[in-house]
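*Asks:* sequence first, predicted coordinates after that:
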Amino acid sequence: MDAAQDASEPAGGDAVAAAAGPPTNGGIHPVLWRDGVVVMIDQRRLPLEEVDVVCETWEQVADAICTMVVRGAPAIGVAAGMGMALAARAALRAGAGAPAHFRAAVQAASKGLFETRPTAYNLPWALKEMEAIWSRDDLSPAEVVAEMERRAVQIYEEDLASCWAIGEYGAALIEGEQPVILTHCNAGALATAGYGTALGVIRSVHARNPRLHVLADETRPLLQGARLTAWELSREGISFELITDNMAGYFMSRGLITHVVVGADRITANGDVANKIGTYTVSVLAREHKVPFYVAAPFSTVDRSLPDGSAIPIEERAAIEVTGYGDRCWAPSGARVRNPAFDVTPARNVTAIVTERGVALPPYEDSLRKLEAK
């Protein structure tokens, strides 16, 4: 099957004919619009505590994104859309009823939110969706507020439906009586509106084949695999084992991993993939051991304006994330640190890219273009 055929008639196409069905997500809702405020699960405190953070202003949403109260490219996009709805409400309340003043206030919020996490493409995508509303000349400020709130909720609902479709398309690719899937970081319900990309595939596989087993990388330095992926899998009774990041090669060399499924924060036109640091290493190991390496992401993560991964901005985070965890420091005082939050997996290491529009196969320039048109 060539890429053009695959893009228009992807594997498992019949399986997603009823994609409007409600997804099963274990009751996890990382970001919600509730009574005019944004309510988030504080992911920094999982799995020990389940605590909500309530954001009443766009500035609080921006801080929650920066400090990783909310994380994962799709969830960041959802949160940004809701943050813009809060900004529009605040501008209207502040008396910026004149269209020019209202627009200036909302534009400042958009700029502030844009600067929070530079790598995740769903963030600027969601902000552009909102700009298409607040830049309209045919709407009054009050009408803009109502329309932005509607679109923010719609982005949330669209992400749920998209992730469920991704899960169904991806599940059709996972063969074998007892598959063992390795995943890295957390691309689950917590990283999206509430179903997951990589874990959405795992959820859909498990619904078909309860014999599925998952190996979850702990994912240094913030341990999203150990804290968040393990929490989600435990919550839903999916068989899993937690491993350290440097154990993946050991298990692949012994034939104990059948598939790798990861998420993505940005995918370029040629199919290069930015994802949590360590993903590139896993892709090299998978290629060496001939293990299929699948990337699961909504099409809003695809940035076809960038030709390849060399143009993706890579966020560098604080040294304290590497020198210790929480209140505990294990590195010597004054140790110099490098802490890129993401790396780029080249398209040649990617077996397929699974989106809600279908499955793209190499060459990705062609298949992603066809899915965009679709």
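*Replies:* Alright, I've got the coordinates.

*Asks:* show residues contacting stretch 238-258.
*Replies:* Outside stretch 238-258, the residues that touch it by CB atoms under 8 Å, 6 or more residues apart in numbering are 174, 176, 179-182, 184, 202-203, 206, 211-220, 225-226, 229-230, 233-234, 278, 281-282, 285-286, 288-289, 291-292. (Each C-beta comes from the backbone N, C-alpha and C, glycine too.)

*Asks:* buried sites along it?
*Replies:* 238, 240, 242-243, 245, 248-249, 251-252, 257-258 (16 or more other CB atoms under 10 Å).

*Asks:* show me how this structure divides into domains.
*Replies:* Split into domains by automatic domain parsing, the chain comes to 22-163, 166-373.

*Asks:* average pLDDT for the last one?
*Replies:* Domain 166-373 shows a mean pLDDT of 96.

*Asks:* likewise for stretch 83-100?
*Replies:* Average pLDDT, stretch 83-100: 86.

*Asks:* thinking Thr355 is in contact with Val295, fair?
*Replies:* No: using CB atoms under 8 Å, Thr355 makes no contact with Val295, being 9.2 Å away.

*Asks:* before we move on, back to that, can you select the buried ones from the contacts of stretch 238-258 in PyMOL?
*Replies:* Those of the contacts of stretch 238-258 that count as buried under 16+ other CB under 10 Å are selected in PyMOL with:
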select buried, resi 174+179+180+181+182+184+202+203+206+212+213+214+215+216+217+218+219+220+225+226+229+230+233+278+281+282+285+286+289+291+292
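
*Asks:* just the ones of the contacts of stretch 238-258 in strands?
*Replies:* Of the positions in the contacts of stretch 238-258, 180-182, 213-217 sit in strands, assigned by DSSP state E.

*Asks:* let me know how buried the spatially closest residue to Glu321 that is not a sequence neighbour is, in neighbour terms.
*Replies:* Spatial nearest neighbour of Glu321, excluding adjacent residues (CB to CB, 6 or more residues apart in numbering): Pro221 at 4.6 Å. Pro221 has 21 neighbours, counted by other CB atoms under 10 Å.

*Asks:* same thing with Ala90?
*Replies:* 18.

*Asks:* nearest residue to it in space, please, no chain neighbours.
*Replies:* Counting by CB to CB, 6+ apart, the residue nearest Ala90 is Thr57, at 6.3 Å.

*Asks:* now for that neighbour: which residues touch it?
*Replies:* Taking CB under 8 Å, 6+ apart, one finds 86-87, 90 in contact with Thr57.

*Asks:* for this structure, which segments count as helices?
*Replies:* For the chain, applying DSSP state H gives helices covering 3-8, 58-66, 73-93, 99-114, 122-134, 141-171, 198-208, 224, 230-236, 248-253, 279-288, 320-323, 364-373.
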